[in-house]
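Colleague: My questions are about this predicted structure, shown below with the sequence.
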Amino acid sequence: MSSPLPSPSTAAPLLSVRGLKVAYGHIEAVKGIDFDLHEGRITTLVGANGAGKSTTLLALSGLVKKAAGQVTFGGQDIAALAPHRIVRSGLVQVAEGRATLTTLTVHENLELGAYTGRDRAQRARDLDYVYGLFPRLKERSGGLAGNLSGGEQQMLAIGRALMARPRVLLLDEPSMGLAPIIVQDIFRTLRAINQAGLTIFLVEQNVKQALKIADYGYVIETGRIVLADTGATLLRDPKVQDAYLGG
């Protein structure tokens with residue numbers, strides 16, 4: 001069945017999801033959603049807590065079982081792939097809550113992100129790139145990740161994902177629990193990473209911040225996508241303003 005929602009582009013999507021369903025027992029958390037990610041763009045999925053945003057990302061990463069649906073990435077059906085094979089294909093997730101390895105150093109965390117690569121010279125260049133994005137990580141490279149602030153741990157989580165050389169970076173609630181000034185820094189960095197060519201899929205409760213940097217956005221409510229348009233258009237949409245931006 002064709003979708004009534006507007007398409008962000010006439011070009012073929014890099015990642016295409018059709019009819020995605022995810023259930024936890026008898027509870028259907030994601031109810032047959034369709035969406036596309038286009039290369040070189042920031043696409044965001046926004047909505048309230050419990051709407052199905054994080055479950056959607058976990059399904060894309062293979063970390064929760066899909067009840068139904070097709071996921072095509074770079075022309076390949078990845079719906080049934082194991083999580084490590086999805087990472088190798090270039091779809092890399094930054095988990096909600098950062099999930100840094102607190103008893104390892106910052107440098108060791110970043111090195112673990114590059115486990116799929118064998119080229120030491122490339123790994124060194126990637127490490128320089130991450131330290132250029134996040135100078136604070138370079139300053140703290142020999143220290144334990146567990147001693148970092150929340151914002152620094154989010155930087156580390158993003159940097160570790162970048163070490164895997166993703167084609168698409170999946171981000172789950174990167175602003176969660178961070179001070180507003182740190183959130184601004186994180187979102188500026190995401191825009192810079194995107195402008196360098198990386199495709200980003202951003203899941204956020206911070207609707208205003210997400211739509212400000214997104215080329216295209218989807219609004220999800222109780223497991224269904226109810227709106228889709230450019231980020232700028234959704235920011236002006238009265239339904240979005242009433243529901244998420246305080247009118």
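Modeller: All right, it came through fine.
Colleague: all helices of the protein, in order?
Modeller: Secondary structure of the chain by DSSP state H: the helices cover 53-60, 83-89, 106-113, 120-133, 135-139, 150-162, 180-195, 207-213, 231-236, 238-244.
Colleague: Of all those helices, which one comes closest to Thr44?
Modeller: helix 207-213 (4.3 Å; Cβ to Cβ). For the C-beta atoms, the positions are set from N, CA and C on the backbone; glycine is no exception.
Colleague: any residues touching that closest one, and which ones?
Modeller: Helix 207-213 is contacted by residues 42, 44, 46-47, 175, 183, 187, 190-191, 194, 202, 204, 217, 231-232, 234-235, 240, 244-245 when judged by Cβ atoms under 8 Å, 6 or more residues apart in numbering.
Colleague: What pLDDT is listed against the residue lying closest to Leu227 once chain neighbours are set aside?
Modeller: Sequence neighbours aside, Val219 is the residue nearest to Leu227 in space, at 4.0 Å (criterion: Cβ to Cβ, 6 or more residues apart in numbering). pLDDT recorded at Val219 is 97.
Colleague: show me what contacts Val219?
Modeller: Neighbour list for Val219: Val46, Gly47, Ile225, Val226, Leu227, Ala228, Leu234, Val240 [criterion: Cβ under 8 Å, 6+ apart].
Colleague: Specify the beta-bridge partners of it.
Modeller: Val46, Leu227 (DSSP bridges).
Colleague: measure it to Leu45 for me?
Modeller: Per Cβ to Cβ, to the nearest Å, Val219 is found 8 Å from Leu45.
Colleague: Quick check: the nearest residue to Val226 once chain neighbours are set aside vs Arg123, distance?
Modeller: Of all residues not flanking Val226 in the chain, Val219 sits nearest, at 5.5 Å (Cβ to Cβ, 6+ apart). Distance, Val219 to Arg123, using Cβ to Cβ: 39 Å.
Colleague: about what we covered before: intersection of neighbour lists for Val219 and Leu45?
Modeller: Here Val219 and Leu45 share no contacting residue, scored by Cβ under 8 Å, 6+ apart.
Colleague: Render the CA-only coordinates of stretch 67-78 in PDB, please.
Modeller: What follows is stretch 67-78, C-alpha atoms only, in PDB (Å, rounded to 0.1, in the frame of the first residue of the first chain):
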ATOM      1  CA  ALA A  67       7.500  -9.100  14.000                       C
ATOM      2  CA  ALA A  68       7.200  -8.100  10.400                       C
ATOM      3  CA  GLY A  69       8.700  -5.700   7.900                       C
ATOM      4  CA  GLN A  70      11.400  -5.200   5.300                       C
ATOM      5  CA  VAL A  71      14.600  -3.200   5.900                       C
ATOM      6  CA  THR A  72      16.700  -2.500   2.800                       C
ATOM      7  CA  PHE A  73      20.100  -0.800   3.200                       C
ATOM      8  CA  GLY A  74      22.200   0.000   0.200                       C
ATOM      9  CA  GLY A  75      20.100  -2.300  -1.900                       C
ATOM     10  CA  GLN A  76      20.500  -5.300   0.500                       C
ATOM     11  CA  ASP A  77      17.800  -6.800   2.700                       C
ATOM     12  CA  ILE A  78      19.200  -6.600   6.200                       C
END
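Colleague: mind checking the end-to-end distance for stretch 197-217?
Modeller: Chord length of stretch 197-217, first to last residue, is 19 Å (Cα to Cα, to the nearest Å).
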